[in-house]
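A.B. asks: Curious how this folds, go ahead:
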Amino acid sequence: MNENELSKIIIDSGLKVHRQLGMGLYETVYEQCLDFELKNRGLNVERQKFLSINYEGMRVENAFKIDLLIENKVVIEIKAQEILTDFNAAQLLNYLRLGNYKLGLLLNFNSKLFKTGIRRIVNGYIID
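C.D. replies: Here you go, the predicted structure:
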């Protein structure tokens with residue numbers, strides 16, 4: 001399954017979680033529920049995965065932590081805030097670049113319509 005096929009399943013699962021729970025909860029609640037939903041759909045999900053990086057020959061252990069990594073291909077960053085900022089997008093972009101992943105989804109569960117809280121970040125480009 002490629003990244004685009006996975007993203008459809010992820011967004012559909014996120015929509016289900018958002019419809020059932022609504023707005024106003026902590027990010028960890030949405031993260032746990034999305035993890036549960038994706039695993040129920042047969043996907044391999046790693047939650048709160050630490051990744052290390054190399055900097056000029058030095059290994060930086062646990063340099064960053066991914067909320068959810070789906071099938072070792074798609075990085076999910078979960079938010080529950082008023083608005084998504086450029087910092088949120090830059091954070092996910094760094095995760096993609098440093099972890100050598102192609103696709104990231106920034107999912108903000110604190111939006112009235114789930115679709116308005118989704119940002120796709122692909123190979124260094126932000127696509128709204």
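A.B. asks: Skipping adjacent residues, who's closest to the residue sitting nearest the centre point of the chain in space?
C.D. replies: Compute the mean C-alpha point of the chain, and by Cα atoms, centre = their mean the closest residue is Ile76, 1.1 Å away. Excluding the flanking residues, the one nearest Ile76 by Cβ to Cβ, 6 or more residues apart in numbering is Leu68, at 3.9 Å. Any C-beta I mention is one placed from the backbone N, CA and C, and that applies to glycine too.
A.B. asks: and that neighbour, what element?
C.D. replies: strand 58-70 (DSSP states H and E).
A.B. asks: shouldn't the residue nearest to Ile76 be in contact with Arg47?
C.D. replies: Yes - counting by Cβ atoms under 8 Å, Arg47 is a contact partner of Leu68 at 5.7 Å.
A.B. asks: Mutual contacts of the two, please.
C.D. replies: Common contact partners of Leu68 and Arg47 (Cβ atoms under 8 Å, 6 or more residues apart in numbering): 31, 35.
A.B. asks: For these two, work out which one has more neighbours and name it.
C.D. replies: Relative neighbour count places Leu68 above the other of Leu68 and Arg47, with 22 against 17, counting by other Cβ atoms under 10 Å.
A.B. asks: what sits against that one?
C.D. replies: 31, 34-35, 38, 45-47, 75-76, 78.
A.B. asks: ok, 10 Å please
C.D. replies: By Cβ atoms under 10 Å, 6 or more residues apart in numbering, Leu68 lies in contact with 10, 31, 34-35, 38, 43, 45-49, 74-78, 105, 107.
A.B. asks: Could you tell me which of these count as buried?
C.D. replies: Listed as buried from the contacts of Leu68 are 10, 31, 34-35, 38, 43, 45, 47, 74-78, 105, 107; burial here means 16 or more other Cβ atoms under 10 Å.
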